[in-house]
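**Student:** need a 3D model of the sequence below.
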Amino acid sequence: MYKLLTADGSSCNGGSAKWHLPTQNEDGSWAPGAWMPPIEDPKLCSRGYHLLCSLWDILNWEGEALFAAEGRGAEERDPSKVAVEEARLPRLITATLHQSLALFSADCSERVLHLYETAYPNDMLPRRTIDAARAWALNPTDENAAAWASIWDIAWAAGGERATWGTWGAWVVGVSARGTAWAARDAVGYAAGAAGAAGYAAGDAAWDAAWAAAGAAELEWQKRHLAELLGEVPA
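**Tutor:** A predicted model of the protein is given here:
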């Protein structure tokens, strides 16, 4: 399971807990943080320590630091999260999750960029936005942040004027460079939907099946790629 927190271990999606952080040993291994004090009768969205069930679930929440997490004792769960009586953090996965999500969004969108550029060969705005997001993700300097901000402003305006899926893709990738998990999630949906758009070529009768197959295949790639970027084993 997983937990999203601020860099100093504070809760950032509700609650006010300050978690005990894991520490890294000289050999690269991790010493888990201490177990948090018990909270009896945990209830989802109400009480207890809330953990995410899979790596994919992080796209629905915010946080700069991503930790592996484990729980014990009483629990209540749904498909994406669990509230547990006790929890601890065995290891840190990344302290710069926003950069990883920006890179992930750029990679997702770039995989279907050819669909847009085939239809609009003279519009380089989505490609420029993807490039700016990736540059910031790989090297988050003030210069790259300023370059991203400039192209994002242009993409925002263009998205409002033309409202094509290509400029929308440019916009969500640009927002992801700000480091928001919500925008990364939107870029994932954009990429899967754009891949599914290839189903139009199959004709009306087969369009639904082609869309579903293309979208499902793209979603599987996205899940594997997110795990690879974060150094985790794909679910």
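**Student:** so, low pLDDT: which residues of this structure?
**Tutor:** Filtered on pLDDT under 70, the chain yields the residue ranges 155-156, 158-188, 190, 196-207, 211, 235.
**Student:** let's see that with 50 instead.
**Tutor:** Filtered on pLDDT under 50, the chain yields the residue ranges 163, 177.
**Student:** need the helices for it, in chain order.
**Tutor:** For the chain, the helices defined by DSSP state H cover 97-111, 113-119, 125-138, 142-162, 165-176, 181-196, 204-229.
**Student:** tell me which residues of the last one come out buried.
**Tutor:** In this case it means helix 204-229. 210-211, 213-215, 218-219, 222-223, 225-227, 229 (16 or more other CB atoms under 10 Å). All C-beta atoms are positioned from the backbone trio N, CA, C, and that covers glycine.
**Student:** on contacts alone, who are the packing partners of that helix?
**Tutor:** Packing partners of helix 204-229 (3 or more CB pairs under 8 Å, 6 or more residues apart in numbering; DSSP states H and E): helix 97-111, helix 181-196.
**Student:** how is the chain partitioned into domains?
**Tutor:** For the chain, the structural domains run 2-94, 97-229, going by automatic domain parsing.
**Student:** of these, which stretch is the most buried?
**Tutor:** domain 97-229 (a mean of 19; mean count of other CB atoms under 10 Å).
**Student:** quick one: end-to-end distance for that domain.
**Tutor:** 10 Å (CA to CA, to the nearest Å).
**Student:** just stretch 14-25 next, same as before
**Tutor:** Criterion CA to CA; first-to-last residue distance in stretch 14-25 is 31 Å.
**Student:** centroid-nearest residue for this structure?
**Tutor:** residue 59 (4.0 Å; CA atoms, centre = their mean).
**Student:** look up how far residue 128 lies from it.
**Tutor:** For residue 59, the distance to residue 128 equals 24 Å [CB to CB, to the nearest Å].
**Student:** same thing with residue 136?
**Tutor:** When residue 136 is compared with residue 128 (using CB to CB), they lie 13 Å apart.
**Student:** for residue 94, same thing?
**Tutor:** 27 Å.
**Student:** ok, now residue 229?
**Tutor:** Here residue 229 is placed at a distance of 22 Å from residue 128 (CB to CB).
**Student:** likewise for residue 216?
**Tutor:** 30 Å.
**Student:** again, but for residue 86
**Tutor:** Distance of residue 86 to residue 128, given as CB to CB: 48 Å.
**Student:** one more: residue 116?
**Tutor:** 12 Å.
**Student:** same check, this time on residue 5
**Tutor:** According to CB to CB, residue 5 and residue 128 sit 34 Å apart.
**Student:** for residue 45, same thing?
**Tutor:** In terms of CB to CB, residue 45 sits 40 Å off from residue 128.
**Student:** dump the residue contacts of the residue lying closest to residue 135 once chain neighbours are set aside.
**Tutor:** Of all residues not flanking residue 135 in the chain, residue 144 sits nearest, at 4.9 Å (CB to CB, 6 or more residues apart in numbering). Taking CB atoms under 8 Å, 6 or more residues apart in numbering, we find residue 144 in contact with 132, 135-136.
**Student:** I'd like the distance between residue 224 and residue 216.
**Tutor:** Using CB to CB, one gets 13 Å for the distance from residue 224 to residue 216.
**Student:** that should have said residue 99, apologies.
**Tutor:** With CB to CB as the criterion, residue 99 and residue 216 are 28 Å apart.
**Student:** same deal with residue 32?
**Tutor:** Distance, residue 32 to residue 216, by CB to CB: 36 Å.
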